[in-house]
Structure formats: C-alpha cells, structure tokens
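Novice: Model the structure of this input:
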Amino acid sequence: MKVFAIGSIVKPLSEEERERVLGKEVPHTLQLYLDGAIDQFWFRGDRPGPIFLMNAESVEAAKAVIDKMPIVAEGFAEYDYYPVGPLAPLGRLIQGL
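Specialist: So this is what the prediction gives:
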C-alpha cells in the first residue's frame with residue numbers, strides 16, 4: 001500500500017540543533033529512499049516539513065519507520081499519516097472496453 005506521511009515541525013530547532021539533527025536526518029532519509037520505504041518526497045510549501053509517499057504494509061508500519069527518524073525521535077517533528085490507493089471510480093469509465 002501507499003501512505004502519505006506529512007511532517008510538521010512542532011519544536012523549533014536552534015542552529016546548533018539543526019546542524020546536529022539534520023546531519024543525521026538527511027542520510028537517514030536518503031537510506032529510506034534507497035531501501036524503497038520512501039517512494040517520493042517533497043518539501044511542504046505552506047510551512048516547514050516534508051511530505052513522503054511511502055511504500056508500507058500498513059499505516060502502522062509507515063509510522064514505525066518514521067518514528068525512527070532522528071528529527072521525530074528527538075521530538076522536533078510529528079507526522080500525520082494517510083493511506084492512499086488508486087482512484088477506484090476511474091474503473092467505471094472503462095467498463096465495457
């Protein structure tokens with residue numbers, strides 16, 4: 001299944017914290033992408049935080065992956081999770097083909 005994980009910064013980072021945490025966060029995120037857990041990623045346009053389209057067996061599995069990210073584990077960010085799938089009503093448009 002696919003899961004959107006939408007992050008929000010809930011505790012501002014000082015410059016020192018930003019360097020320390022992001023120094024771990026960026027390679028961690030890249031490894032998740034290379035491992036296939038994160039399929040696509042974007043940066044939010046409305047406020048600081050990423051949006052990940054994840055490959056996961058469930059929302060709980062996606063949450064377990066995200067909870068290990070340094071910025072979440074250290075309490076600076078939180079995520080909301082939304083399971084998504086194909087737009088099923090489109091099948092009605094091709095019935096009978």
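
Novice: what separates the longest helix along the chain from the chain centre, distance-wise?
Specialist: If you go by DSSP state H, the chain has its longest helix at helix 15-35. Put simply, helix 15-35 sits 13 Å off its chain's centre (CA atoms, centre = their mean, to the nearest Å).

Novice: Could you list the buried residues of it?
Specialist: 21-22, 25, 28-29, 32 (16 or more other CB atoms under 10 Å). C-beta coordinates here come from the backbone N, C-alpha and C atoms, glycine included.

Novice: Residue 33 contacts residue 41, correct?
Specialist: Yes. Under the criterion of CB atoms under 8 Å, residue 33 makes contact with residue 41 at 7.0 Å.

Novice: Now do the same contact list for residue 6.
Specialist: The neighbourhood of residue 6, defined by CB atoms under 8 Å, 6 or more residues apart in numbering, consists of 44, 49, 51, 79-82.

Novice: As CSV, these with distance to residue 92 would be great.
Specialist: Formatted as CSV, the contacts of residue 6 follow (distance: CB to CB, whole Å):
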residue, distance to residue 92
44, 33
49, 36
51, 29
79, 33
80, 30
81, 28
82, 23
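
Novice: Using CSV, please lay out those together with neighbour count, distance to residue 8 and pLDDT.
Specialist: Converted to CSV, the contacts of residue 6 look like this (neighbours: other CB atoms under 10 Å; distance: CB to CB, whole Å; pLDDT from 0 to 100):
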residue, neighbour count, distance to residue 8, pLDDT
44, 13, 8, 95
49, 18, 5, 94
51, 16, 10, 98
79, 21, 8, 98
80, 11, 8, 98
81, 17, 12, 98
82, 11, 14, 98
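
Novice: Taking these, tell me the two that lie furthest apart.
Specialist: 44 and 81 (15.1 Å; CB to CB).
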